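> let's see this in three dimensions:
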Amino acid sequence: MSGSRKSAADRRKALVASRSHTASPAQGNNRPTRFRAGTLYLIGGILVAIALGVLAVLIGVTAQGGDLNDLAGDADWGTNLVAAPIMILMLAAAPLFLAEFHRRGQWSSRERGFIQGGSNVVELQPAPLWTRLLFIALSLMAWGALILVPVQLDITTDAFADAGDSLWVLLVMYGIIASGLAAVLLFSLLKRLTYERLANRFGDQIETGSVSQVFWRAMSYRFRFELWFAFGFGAILGTIPLVYQSAADNCYTASCAIVPDPSWLAWILWIAVGTGALALLGSLNAWRSGKSLYSGESVS
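Next up, the predicted model:
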């Protein structure tokens, strides 16, 4: 009996040690690209600046009643310019993520025999918690600047009297991206604060190769589905000011009380509750994958 208890304790200790492993910059020489981290940061930073500049220009033009087709040289596809900033930001994400992997990570590869292909694994040093809080604050500020403040100005002033529909497409599109990103960072922070604690307490329940372990490895470790649900949670909550804006359209006097549509609010809240619950469930159960919090895996 004592031997079995000792064996179980040893297995639990080994599992905890494997989950808690983080990379050291001095370990190995594997790198995702031949570029230096500084070069990748520079490329990504330039692309981010270009994207923000394009977004500012598009908002400025449409706020004054300008037409995006005219901005594109009378081309019928001018309205597609709405997506230009996000496309540039997606391009910027590649060098920025690679730069982080350079600076904080160690790469390794593993071939798979049964299915042709392999897995790429990166072990990362954890970033300081204050950086997560900083990016949450910046995301909320961006949401406020893109949705909350414009909606307030539209309700109380004539600042956007000459604006076209393209302005609100821009503001809403990038505003909900900002609020969704804030929720992703918030749930990611929750996951970080609870992951090791839950793993240390319940890690002996993990059976390698079990249905539960394989499921959570795919859902949380490999694809991070809880963060996709977190994005949906933040994005839908970010639209609440628009319900009040829509209600204000029916007010024609300063004394008119703005009453939001209860059915709209109900739909928003129900979707937020559902996506938020799934994000919370995934964040608090990600440890069941039996993998390190500070690593990631992709299949090729």
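
> could you list the domains of this structure?
Listed domain ranges for the chain are 34-109, 135-292 (source: automatic domain parsing).

> tabulate those domains (JSON lines), appending mean pLDDT.
Listed next are the domains of the chain as JSON lines, based on pLDDT from 0 to 100:
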{"stretch": "domain 34-109", "mean pLDDT": "86"}
{"stretch": "domain 135-292", "mean pLDDT": "91"}
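
> do you know which of the ones you listed lies nearest Glu123?
Among these, the nearest to Glu123 by CB to CB is domain 34-109 (4.9 Å). Using the backbone N, CA and C atoms, a C-beta is placed for each residue, glycine as well.

> for Ile177, give its distance to Val184.
For Ile177, the distance to Val184 equals 10 Å [CB to CB, to the nearest Å].

> more neighbours, those two?
Val184 (25 against 21; other CB atoms under 10 Å).

> in which helix or strand does the more buried one reside?
Using DSSP states H and E, Val184 sits within helix 165-202.

> hey, C-alpha coordinates of the helix or strand just after that helix in PDB?
Per DSSP H and E, the first helix or strand lying C-terminal to helix 165-202 is helix 211-216. Provided in PDB are the C-alpha atoms of helix 211-216 (Å, rounded to 0.1, in the frame of the first residue of the first chain):
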ATOM      1  CA  VAL A 211     -10.400  11.200 -23.200                       C
ATOM      2  CA  SER A 212     -10.300  14.200 -20.800                       C
ATOM      3  CA  GLN A 213      -6.500  14.900 -21.300                       C
ATOM      4  CA  VAL A 214      -6.700  14.600 -25.100                       C
ATOM      5  CA  PHE A 215      -9.800  16.800 -25.200                       C
ATOM      6  CA  TRP A 216      -8.300  19.600 -23.100                       C
END
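
> got a list of contacts for helix 211-216?
Under the criterion CB atoms under 8 Å, 6 or more residues apart in numbering, residues 206-207, 285-286, 288-290 lie in contact with helix 211-216.

> distance from the chain centre to the helix holding Val184, please.
5 Å (CA atoms, centre = their mean, to the nearest Å).

> over to stretch 126-139?
That offset, for stretch 126-139, works out to 12 Å (CA atoms, centre = their mean).

> give the buried residues for that stretch.
Judged by neighbour count (16 or more other CB atoms under 10 Å), stretch 126-139 contains these buried residues: 132, 135-136, 139.

> about what we covered before: closest one to Ala127 among the domains of the chain?
Comparing these by CB to CB, domain 34-109 comes nearest, at 7.0 Å.

> what ranges does the chain have for its strands?
With DSSP state E, the ranges of strands along the chain come out as 105-111, 118-124, 295-299.

> who touches Leu280 in this structure?
187, 190.

> for Ser188, see how far away it is.
Relative to Ser188, and taking CB to CB, Leu280 is found at 12 Å.

> over to Lys291?
In terms of CB to CB, Lys291 sits 16 Å off from Ser188.

> same for the helix holding Val184, what does it pack against?
Contact partners of helix 165-202 among helices and strands, from 3 or more CB pairs under 8 Å, 6 or more residues apart in numbering; DSSP states H and E: helix 2-19, helix 37-63, helix 84-104, helix 129-143, helix 225-237, helix 262-285.

> ok, which of those helices comes nearest Ala247?
Nearest to Ala247, of these and by CB to CB, is helix 262-285 at 8.8 Å.

> pull the CA atoms of the closest one into CSV?
Below are the C-alpha coordinates for helix 262-285, written out as CSV (Å, rounded to 0.1, in the frame of the first residue of the first chain):
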residue,chain,number,x,y,z
PRO,A,262,-35.1,45.5,-23.9
SER,A,263,-35.1,42.8,-26.5
TRP,A,264,-31.7,44.0,-27.8
LEU,A,265,-30.3,44.2,-24.3
ALA,A,266,-31.6,40.7,-23.5
TRP,A,267,-30.0,39.2,-26.6
ILE,A,268,-26.7,40.9,-25.8
LEU,A,269,-26.7,39.8,-22.2
TRP,A,270,-27.7,36.2,-23.0
ILE,A,271,-24.9,35.8,-25.6
ALA,A,272,-22.5,37.4,-23.2
VAL,A,273,-23.5,35.0,-20.4
GLY,A,274,-23.1,32.0,-22.7
THR,A,275,-19.8,33.0,-24.2
GLY,A,276,-18.5,34.2,-20.8
ALA,A,277,-19.5,30.9,-19.1
LEU,A,278,-17.7,28.9,-21.8
ALA,A,279,-14.6,31.1,-21.5
LEU,A,280,-14.6,30.7,-17.7
LEU,A,281,-15.1,27.0,-17.9
GLY,A,282,-12.2,26.6,-20.4
SER,A,283,-9.9,29.0,-18.4
LEU,A,284,-10.4,27.1,-15.1
ASN,A,285,-10.0,23.6,-16.7
